[in-house]
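Q: I would like the atomic coordinates for the input below:
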Amino acid sequence: MLIKLSRKAFSPFGVKEINKIKLIHKEPFFLIGLFLKISLVFYSFPLIHSDLFIPFISNSISNISLDPWNSFLLKGGNINSFPYGISMLISYWPLSSFGLFLERIIDNYDFLVIGFKLSSLIFDYSVLILLSIITKHFSNRILLISYWLSPIIIYTTYIHGQLDIVPVAFLLGCICMINWNRYRSASLFIVLAISSKMSMLIAFPFILIYLQKRKGFNKEFFNFIFSSLILGLFFFLPFLASEGFWTMVLKTREIERLYVTFIPFNNLKLYVVPIIYILSLYLVWRLKRITQDLFLIATGLGFFSILIFVPAAPGWFIWILPFLTFYQVKSKKDFIFLGFLFNLFTVLNIYLNSKGAFINIPFFENIFYLGKNENFRLSNHFNNLVFSAQKSLSILFAIRMYFYGLRRNNFYGISSNPLLISIAGNEKIIINKFIKTLKKLFPEKDLNILIASDCLNTKQDNQSFSSIALENNTKENKNTKTYKPYYANQISECIQLLNKLIDNNKKDYILFVNDIGLTQEILFERIDISININASNDFERKFSLSNNYSKNSILNFEFKDFHDVSNISHNISSLTTYFPIGFLHAQIQRLSIAIASLNVDTEVSQDKEWIKMTIQGYPSSEDNSLIAQSIIPEIDDYSLKEESWSPGYFGIMQIILLATISKTLKKVSINAK
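A: Numbering: from 1, shown residues only. Next comes the predicted model:
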């Protein structure tokens, strides 16, 4: 017997989500990585911390100022000490302040430095959790190997001492908020990312393209832009009059790296990086639809386009790692051999060309230096080979991510044809009600509705033609003899007009309302999903024959004890539908009972090919939303309107239709490959 589950278990970050995250902490790889990173927090001393970051942080705590950059420069500080914005400073301020407080009480120990490095560890852990949520806990072990134990993260963050983990964490927070339809929160996180490091602007156009493709130019899209603009002014405007802010943050030497690679044109230079980046944006913008997977991989390619064509700073490799990890987790490819080589040559390249850290080995009282050694230089050929290998692997990963993400995984873009859904039956009130629920569920930009009767240019009553069509010319009666020649001409013109409207359609889904009873054979080649509602008295035979001889998907729904009243959902005693063996019925049955406490009866057909399911009860719209989230993994990719799941049986029908759409698109994708 199934126990009714708590709704909180299916919330975006409820009990179920927390339990999945807890599983990460039990993995040996997590414990190994945590032990190693905590050890490096206490026993490694990166030079850029002592030379650059710590003096600035210490001054900002000891001499609190509304303009910490100018205050630091007036005291003779290094202009390269802290090339980051206000949110980066705020991120490191609390633990560093507490460390400095302890340092003044307890002498001879660098609590300020430990607090500073612990801040990086907290954001590193946050990135791990956010990646687990974004990948939907797809494979914790691959996630831990690819990210948590990545030599790039360990060396760059804890030995070399870079701080880029902070803006990356904010960027992933923005992506999570978008997935949860929290657009104002998403705008806050993207502004935090940009105001911590300006390079996060690279991701901003990809986010806008994704939102536009997902929601269109609607209020969510403009709310995100408006909120980002207002918050951006709040985080940047107070400091634009600061000479120190301009010198240390906006005119940082790292920006000059973007102009290193160019093609000479007489006295002019054609910069390569902006061209590659714009081409990346164009390729993404040209896609008809963008799933979450595509958005994340495309954003990763945007960062790759920068890293491949410039001599990247060590911290820049942290930008790409979460997106590379996402690709490795989702595809389950390249995370061992190519991933290991990429990490190896990236770390080796950083080691040979950048400062490192002094490592204090406990209990042995031995300190050694790990990093570039000016007294020991390898040949330039070796350095160049390491650099070339690192760039080659970056290009290889970018190509593989492109083919996986923008081609193989883009089942929306496989065919330019829309998905054609036919709906017909004998209960006009129920059909109209169901159509209204679909209009509420799908955004207007994605759904086009064609009504067969609108295509008939006739003064005759549509019901007369519906009767003739449903008879299918099988009976020789007075009506068929009177209207048959005229009906044939009208239907022919109607079909031509329908085909023309379908060809000219630019939306993703076409709902064809077959209210005059056109036979399925007429539009058979074009229809992807056929919905029949109380269409005949022989559902079982019709469903069996349809699924044996049709390439498209057939959905049959039968309502019992229907009464024509204002609130029809409460006056339907049961909904009967049919599923092929192995498709959806077990999930529908389990979740309908567990979440909505419905009565569900199933019956296997004599040929063992399909399941007849009868559902009784009245699920709420929230129940149906939770069932849909559990059944359809790709539900976030369909740009559905918020709070638009219908209560009662119509919500169940919405779920079954959307699951069938997902199955149909995947089938199209597989056939196209």
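
Q: Break down the stretch 351-500 of the chain into its helices, ranges please.
A: Using DSSP state H, counting those that start in this stretch, the helices of the stretch 351-500 of the chain run over 380-402, 428-441, 462-471, 478-504.

Q: Worst mean pLDDT among the ones you listed?
A: Across the helices of the stretch 351-500 of the chain, helix 462-471 has the smallest mean pLDDT, namely a mean of 37.

Q: Please name the spatially closest residue to Ser394 (chain neighbours excluded).
A: Among residues not flanking Ser394 along the chain, Ile308 sits closest, at 5.0 Å (CB to CB, 6 or more residues apart in numbering). C-betas here are computed from N, CA, C, even on glycine.

Q: make that Ser228, sorry
A: Computed as CB to CB, 6+ apart, the closest residue to Ser228 that is not its neighbour in sequence is Ser187, at 4.2 Å.

Q: and that neighbour, that one's in a strand?
A: No. Assessed with DSSP: H, G, I helix; E, B strand; the rest coil, Ser187 is helix; it does not lie in a strand.

Q: so it sits right up against Phe235, yeah?
A: No. Taking contacts as CB atoms under 8 Å, Ser187 lies outside contact range of Phe235: 11.5 Å.

Q: Of those two, which one has the most company?
A: Per other CB atoms under 10 Å, whichever of Ser187 and Phe235 has more neighbours is Ser187, with 24 against 18.

Q: OK, contacts around the more buried one?
A: 174, 223-225, 227-228, 231 (CB atoms under 8 Å, 6 or more residues apart in numbering).

Q: from the residues you listed, which has minimum pLDDT?
A: Scoring the contacts of Ser187 by pLDDT puts Asn223 last, at 87.

Q: Checking my notes, that residue in a helix, right?
A: Yes. The assignment for Asn223 is a helix, going by three-state DSSP.

Q: How many residues are close by it?
A: Close neighbours of Asn223, defined as other CB under 10 Å, add up to 15.

Q: Kindly report the same for Leu52.
A: For Leu52, using other CB under 10 Å, the count is 19.

Q: Name the nearest residue to it, sequence neighbours excluded.
A: Distances taken as CB to CB, 6+ apart place Ser81 nearest to Leu52, at 4.5 Å, with adjacent residues excluded.

Q: and that neighbour, that one's in a helix?
A: No. Judged by three-state DSSP, Ser81 forms no part of a helix; its state is coil.

Q: Find the residue ranges of the stretch 451-600 of the chain scoring beneath the pLDDT cut-off.
A: Low-confidence segments of the stretch 451-600 of the chain (pLDDT under 70): 456-491, 518-524, 535-552, 561-572.

Q: Measure how far the helix or strand containing Val127 is from the centre of its chain, please.
A: If you go by DSSP states H and E, Val127 is part of helix 111-134. Offset of helix 111-134 from its chain centre (CA atoms, centre = their mean, to the nearest Å): 23 Å.

Q: how near is Leu208 to Ala313?
A: Distance, Leu208 to Ala313, using CB to CB, to the nearest Å: 26 Å.

Q: Check Phe326 too.
A: 23 Å.

Q: distance of the spatially most central residue of the chain from Leu658?
A: The geometric centre of the chain, computed from its C-alpha atoms, lies nearest to Gln292 (CA atoms, centre = their mean), at 2.5 Å. Going from Gln292 to Leu658 by CB to CB gives 16 Å.

Q: buried set for stretch 99-118?
A: The neighbour-count check on stretch 99-118 (16 or more other CB atoms under 10 Å) flags 99-100, 103, 110-118 as buried.

Q: Any idea which of those residues the model trusts least?
A: Lowest pLDDT among those: Asp110, 82.

Q: That one touches Glu103, doesn't it?
A: Yes. At 7.0 Å, Asp110 counts as touching Glu103 under the criterion of CB under 8 Å.

Q: And the residue nearest to Ser394, how far from Ile320?
A: Distance, Ile308 to Ile320, by CB to CB: 10 Å.

Q: So these two - more neighbours on which side?
A: Neighbours per residue, other CB under 10 Å: of Ile308 and Ile320, the larger number sits with Ile320, 27 against 21.

Q: can you give me how far the helix or strand the more buried one falls within is from the chain middle?
A: Element membership for Ile320, per DSSP H and E: helix 316-331. Distance, stretch centre to chain centre, for helix 316-331: 14 Å (CA atoms, centre = their mean).

Q: returning to what we had before: report pLDDT for the residue nearest to Ser394.
A: For Ile308, the model assigns a pLDDT of 87.

Q: repeat for the one 10 residues further on
A: The confidence metric pLDDT takes the value 93 at Ile318.

Q: That one: neighbour count?
A: By the criterion of other CB under 10 Å, Ile318 has 23 neighbours.

Q: With the one 5 residues further on instead?
A: Each residue near Phe323 was counted by other CB under 10 Å, and the total is 27.

Q: got a list of what the closest residue to it other than its chain neighbours touches?
A: Leaving aside its sequence neighbours, Phe323 sits nearest to Gly300 (CB to CB, 6+ apart; 2.7 Å). Contacts here follow CB under 8 Å, 6+ apart; on that basis Gly300 touches 320, 322-324, 326-327, 401.

Q: could I have whichever strand or helix holds Gly300 exported to CSV, CA atoms only?
A: Assigned by DSSP H and E, Gly300 falls within helix 292-308. Provided in CSV are the C-alpha atoms of helix 292-308 (Å, rounded to 0.1, in the frame of the first residue of the first chain):
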residue,chain,number,x,y,z
GLN,A,292,18.1,23.7,-20.1
ASP,A,293,20.8,21.3,-21.2
LEU,A,294,21.4,23.3,-24.3
PHE,A,295,21.5,26.6,-22.4
LEU,A,296,24.1,25.4,-20.0
ILE,A,297,26.3,23.8,-22.6
ALA,A,298,26.0,26.9,-24.8
THR,A,299,27.1,29.1,-21.9
GLY,A,300,30.0,26.8,-21.4
LEU,A,301,30.9,27.2,-25.1
GLY,A,302,30.7,31.0,-24.6
PHE,A,303,33.4,30.8,-21.9
PHE,A,304,35.4,28.3,-24.0
SER,A,305,35.4,30.7,-26.9
ILE,A,306,37.3,33.2,-24.7
LEU,A,307,39.7,30.7,-23.1
ILE,A,308,40.8,29.1,-26.3
